[in-house]
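Peer 1: Sharing a sequence plus its predicted fold:
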Amino acid sequence: MSELELIQVDILYTGMGLPIRSGAVVVGGQTIAAAGDFDTLHAQYPQAEQGRTVNVISPLPVNAHAHLDMSDYAFRALPYFQWIPEVVIAGRLSRGLAGARKGLEQVRASGAAALGDIVWPGTPEVMAWLLTEAEMSGVAYWEVLDPNPATANATFTQVVQDVARFRPLERPGGMRLGLSPHAAHTVSHKLHRLLAAFTRRENLPLQIHVAEHPSELELFASGTGPLAESFAKMVQFSSPGLTLPEVLGRAPDPKLTPVSYLADLGVLDARPTLIHLVNVTDDDIRTVAQSGANVVTCPRSNANLQCGTFRWTDFVAAGVDVALGTDSVASGETLNIFDEIAAARRIHADLDPRLIVRAAVKGGHRVLGSKAPFLRRGEAWDERFVWPSA
């Protein structure tokens, strides 16, 4: 029996370029002897035993966006503008370290290579744990919420103090610290500017939820609609009398979108990672591409919260790097990145599946500032490189 095995694969991604169709990997023991086109390797290694055919071989995927501290929530599918108050806010007492530990175990068990996690400011113990103990690489983003410009300076001062407290906890090979102004409309214009400038100075990764639901477009265009009504009710608890023009620093306008708003503030100059970005115009896509920002799409969450379908082909055509994330169990059902990949292939059935594989690996590593490993001659072989069938 040959000591070499030739594994035929429908989609092979070596970590370089675009994944190839009809590829193969030649494995000797625990080492990769070759990876490339099937016909070429079949001719070059006639002595190799051709044992199996699989769907995808690739480096392990990245879960670029999650909310671990929400892992004790129950899944609920609701329109986004209802889901925020009825699920996220209503269940806030269940957020914490216990949920985060449970969530990280799910992420690790799924085989994700790295993680981008949003940490709610009400659970600082989660951030300390992620930076000091969690067995996972990636970025832990400290979330910031404050729509009131009158308190922007005080909130920013606290964020600077939080960064000074958390950053020394980073470990080589572990999670790094980042910041996440929650959304375009839940952080005041003044605080957005302060945070964007700060992250540029401090070289901190940045993630922002943007243009998630159609009602967000309506909010910026006219100040009306279900999200505007929901947001107005929420801000009255902490800032009675606060109006949307005060939050935005300008009146809503038919030509204003969440993306153009952040661009006008200079936030995109910090090259943030933009989460969801489902409801965008052609001009928005061009603006994102020109800024050099990356995007994370969460197909299951987008579907479950009735947000619409991400314009994947248009973003790729514009040269924007796309990554994949599971969001929370409350909106995305599981934290298994392979569940998300399978959903992406179902929801984006007309999309070349090689783009989804590349997004899950290369896109995820680019979002988190890490390097995708290569599958090439001399590298160690791992059976986990054979992905579950979609």
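Peer 2: Cool, got the structure.
Peer 1: When you work out contacts or count neighbours from here on, use the C-alpha atoms and nothing else.
Peer 2: Will do.
Peer 1: and Ala343, how far is that from Asp269?
Peer 2: Distance from Ala343 to Asp269, counting by Cα to Cα, to the nearest Å: 32 Å.
Peer 1: confidence score at Ser2?
Peer 2: With respect to pLDDT, Ser2 has a value of 61.
Peer 1: er, Ser238 actually
Peer 2: We have a pLDDT of 85 for Ser238.
Peer 1: Any stretches of the stretch 101-250 of the chain with poor pLDDT?
Peer 2: Within the stretch 101-250 of the chain, the set of residues satisfying pLDDT under 70 is empty.
Peer 1: What ranges does it have for its helices?
Peer 2: 124-132, 152-166, 189-202, 214-222, 226-238, 244-248 (DSSP state H, counting those that start in this stretch).
Peer 1: Would you mind giving the domain segments of the chain?
Peer 2: By the assignment in automatic domain parsing, the chain contains the domains 4-57+374-385, 63-368.
Peer 1: For the stretch 201-350 of the chain, just list every one of the strands.
Peer 2: 207-210, 273-276, 294-297, 322-324 (DSSP state E, counting those that start in this stretch).
Peer 1: among the ones you listed, which is the most enclosed?
Peer 2: Most buried of the strands of the stretch 201-350 of the chain, by mean neighbour count (mean count of other Cα atoms under 10 Å): strand 322-324, with a mean of 30.
Peer 1: circling back: with respect to burial, which of the helices of the stretch 101-250 of the chain scores highest?
Peer 2: Of all those, helix 214-222 carries the top mean neighbour count, a mean of 22, counting by mean count of other Cα under 10 Å.
Peer 1: what packs against it?
Peer 2: Helices and strands touching helix 214-222, by 3 or more Cα pairs under 8 Å, 6 or more residues apart in numbering; DSSP states H and E, are helix 226-238, helix 258-265.
Peer 1: Take it, keep the C-alpha atoms, and write them as PDB.
Peer 2: Extracted in PDB, the C-alpha atoms of helix 214-222 (Å, rounded to 0.1, in the frame of the first residue of the first chain):
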ATOM      1  CA  PRO A 214     -34.400  48.500   6.100                       C
ATOM      2  CA  SER A 215     -35.900  50.600   8.900                       C
ATOM      3  CA  GLU A 216     -32.400  51.900   9.500                       C
ATOM      4  CA  LEU A 217     -32.400  53.500   6.100                       C
ATOM      5  CA  GLU A 218     -35.700  55.100   6.900                       C
ATOM      6  CA  LEU A 219     -34.400  56.400  10.200                       C
ATOM      7  CA  PHE A 220     -31.600  58.300   8.500                       C
ATOM      8  CA  ALA A 221     -33.700  59.400   5.500                       C
ATOM      9  CA  SER A 222     -36.700  60.800   7.300                       C
END
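Peer 1: Could you say which helix or strand holds Gln50?
Peer 2: strand 49-57 (DSSP states H and E).
Peer 1: Show residues contacting the helix or strand following that strand.
Peer 2: Helices and strands here follow DSSP H and E; after strand 49-57, the next one along the chain is strand 63-66. Under the contact criterion Cα atoms under 8 Å, 6 or more residues apart in numbering, strand 63-66 has outside partners 107, 112-118, 275, 296, 323-328, 335, 337, 360, 364, 367-368.
Peer 1: buried subset of the residues you listed?
Peer 2: Buried residues within these, counting neighbours by 16 or more other Cα atoms under 10 Å: 107, 112-118, 275, 296, 323-328, 335, 337, 360, 364, 367-368.
Peer 1: Can you say which of the domains of the chain is packed in most?
Peer 2: The highest mean neighbour count among the domains of the chain, using mean count of other Cα under 10 Å, belongs to domain 63-368: a mean of 20.
Peer 1: Identify the residues contacting the nearest residue in space to Lys190 that is not next to it in sequence.
Peer 2: Leaving aside its sequence neighbours, Lys190 sits nearest to Pro149 (Cα to Cα, 6 or more residues apart in numbering; 5.8 Å). For Pro149, the contact set (Cα under 8 Å, 6+ apart) comprises 188-191, 246-247.
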